[in-house]
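Asks: quick one, fold the following:
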Amino acid sequence: MRNYGVIGFPLSHSFSPEYFKQKFLKENIEATYVAFPIEDLNQIRLLVKEKNLGGFNVTIPYKEKIVSLLDSLSDEAKEIGAVNCVKVESDPQDSEKNKLIGFNTDAYGFQVALNEMMKSKHENALVLGLGGAARAVKYVFKKSGINFKSVVRDKSKGDLLWNEVTEKIISENSLIINCTPLGMFPNEKSFPPIPYSAITEKHLLFDLVYNPSETLFMKNGKERGATVSNGLSMLELQADKSWEIWNK
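Replies: Numbering: from 1, shown residues only. The predicted structure follows:
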């Protein structure tokens with residue numbers, strides 16, 4: 001039996017366990033996939049050894065923090081500075097010598113999901129928020145030649161503060177990506193505080209949140225004619241890519 005999982009804290013509403021459970025049933029795969037809410041990231045090697053993990057996903061708040069605890073990184077993960085997928089290369093002689101290799105499948109998931117919904121070329125984008133997922137989004141934009149500005153609470157960590165996002169800035173950036181947890185269950189009534197009045201049918205709003213399936217960020221955009229999407233297809237794509245990496 002092969003064992004996999006996801007680490008983060010807290011993990012009460014993680015997408016991955018149910019997704020992999022259905023995948024294993026559908027494809028008749030003998031494997032387990034479990035959520036491991038861990039408060040101390042330094043326990044990761046012990047967890048890998050005790051649960052005999054062949055690989056695991058990483059979610060909030062550890063995508064950036066785990067980097068320093070790994071043996072090596074893929075080129076992409078190195079450039080992004082965040083990891084959401086770890087492959088365990090086991091040493092059959094000594095489990096203490098297992099190697100943990102970090103990958104970033106968020107970038108792949110976002111790139112493919114974005115391409116599928118883009119009806120026209122977008123040259124300028126706003127990335128709302130910080131964190132590992134935002135890093136993956138920025139990496140994709142750099143690679144695709146899309147100019148972007150990040151909207152943050154601390155000016156030293158981005159380009160614009162929330163109160164600096166004007167209607168003019170919204171009209172100049174037709175692609176807006178929400179990388180914050182605003183609007184996510186159980187806080188569905190929250191949403192990124194941007195001037196939605198400047199949104200038009202030329203805008204594309206992509207929310208990395210998937211629960212609920214339509215956030216207020218998306219609803220506010222849709223009401224003004226924008227194309228909108230949640231983060232579900234990105235999550236499915238990154239999960240399948242993780243599975244591919246673990247089984248290479």
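Asks: ranges for the strands of this protein?
Replies: Taking DSSP state E, the strands of the chain run over residues 2-8, 31-37, 53-58, 72-73, 85-89, 99-103, 124-128, 147-152, 160-161, 175-178, 204-207, 227-229.
Asks: CSV for those strands, including mean neighbour count and distance to residue 140?
Replies: All C-beta spots, glycine's among them, are computed from the backbone N, C-alpha and C. Listed next are those as CSV, based on neighbours: other CB atoms under 10 Å; distance: least, CB to CB, whole Å:
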stretch, mean neighbour count, distance to residue 140
strand 2-8, 20, 22
strand 31-37, 17, 26
strand 53-58, 25, 18
strand 72-73, 16, 18
strand 85-89, 21, 16
strand 99-103, 20, 15
strand 124-128, 22, 10
strand 147-152, 19, 10
strand 160-161, 14, 20
strand 175-178, 27, 10
strand 204-207, 26, 11
strand 227-229, 20, 15
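Asks: so residue 66 sits against residue 42, correct?
Replies: No: judged on CB atoms under 8 Å, residue 66 makes no contact with residue 42 at a distance of 10.4 Å.
Asks: and these two? Which one has more around it.
Replies: Between residue 66 and residue 42, counting by other CB atoms under 10 Å, residue 66 is the more crowded of the two (20 against 8).
Asks: now do the same contact list for that one.
Replies: 41, 44, 58, 83, 86, 102 (CB atoms under 8 Å, 6 or more residues apart in numbering).
Asks: show me how the record splits this protein into domains.
Replies: Per automatic domain parsing, the domain ranges recorded for the chain read 2-104, 107-234.
Asks: dump those domains to CSV, plus distance to residue 242.
Replies: Putting the domains of the chain into CSV (distance: least, CB to CB, whole Å) gives the following:
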stretch, distance to residue 242
domain 2-104, 4
domain 107-234, 9
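Asks: tabulate these (a markdown table), appending mean pLDDT.
Replies: Below are those laid out as a markdown table (pLDDT from 0 to 100):
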| stretch | mean pLDDT |
| --- | --- |
| domain 2-104 | 94 |
| domain 107-234 | 96 |
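Asks: out of the ones you listed, which is closest to residue 248?
Replies: Residue 248 lies closest, by CB to CB, to one member of those: domain 2-104, at 7.9 Å.
Asks: tabulate the strands of the chain (JSON lines), appending distance to residue 189.
Replies: Below are the strands of the chain laid out as JSON lines (distance: least, CB to CB, whole Å):
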{"stretch": "strand 2-8", "distance to residue 189": "24"}
{"stretch": "strand 31-37", "distance to residue 189": "25"}
{"stretch": "strand 53-58", "distance to residue 189": "28"}
{"stretch": "strand 72-73", "distance to residue 189": "38"}
{"stretch": "strand 85-89", "distance to residue 189": "32"}
{"stretch": "strand 99-103", "distance to residue 189": "35"}
{"stretch": "strand 124-128", "distance to residue 189": "17"}
{"stretch": "strand 147-152", "distance to residue 189": "20"}
{"stretch": "strand 160-161", "distance to residue 189": "23"}
{"stretch": "strand 175-178", "distance to residue 189": "15"}
{"stretch": "strand 204-207", "distance to residue 189": "15"}
{"stretch": "strand 227-229", "distance to residue 189": "18"}
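Asks: and the angle from the top helix by length along the chain to strand 85-89?
Replies: Identified as the longest helix of the chain according to DSSP state H is helix 232-246. Put simply, helix 232-246 runs at 10 degrees to strand 85-89, going by axes from the mean of the first three to the mean of the last three CA atoms, to 10 degrees.
Asks: buried ones in helix 232-246, by neighbour count?
Replies: 232-239, 241-243, 245-246 (16 or more other CB atoms under 10 Å).
Asks: with adjacent residues omitted, what lies nearest to the residue sitting nearest the centre point of the chain?
Replies: Nearest residue to the geometric centre of the chain (CA atoms, centre = their mean): residue 133, 4.0 Å. Distance criterion CB to CB, 6 or more residues apart in numbering; nearest residue to residue 133, sequence neighbours excluded, is residue 179 at 5.0 Å.
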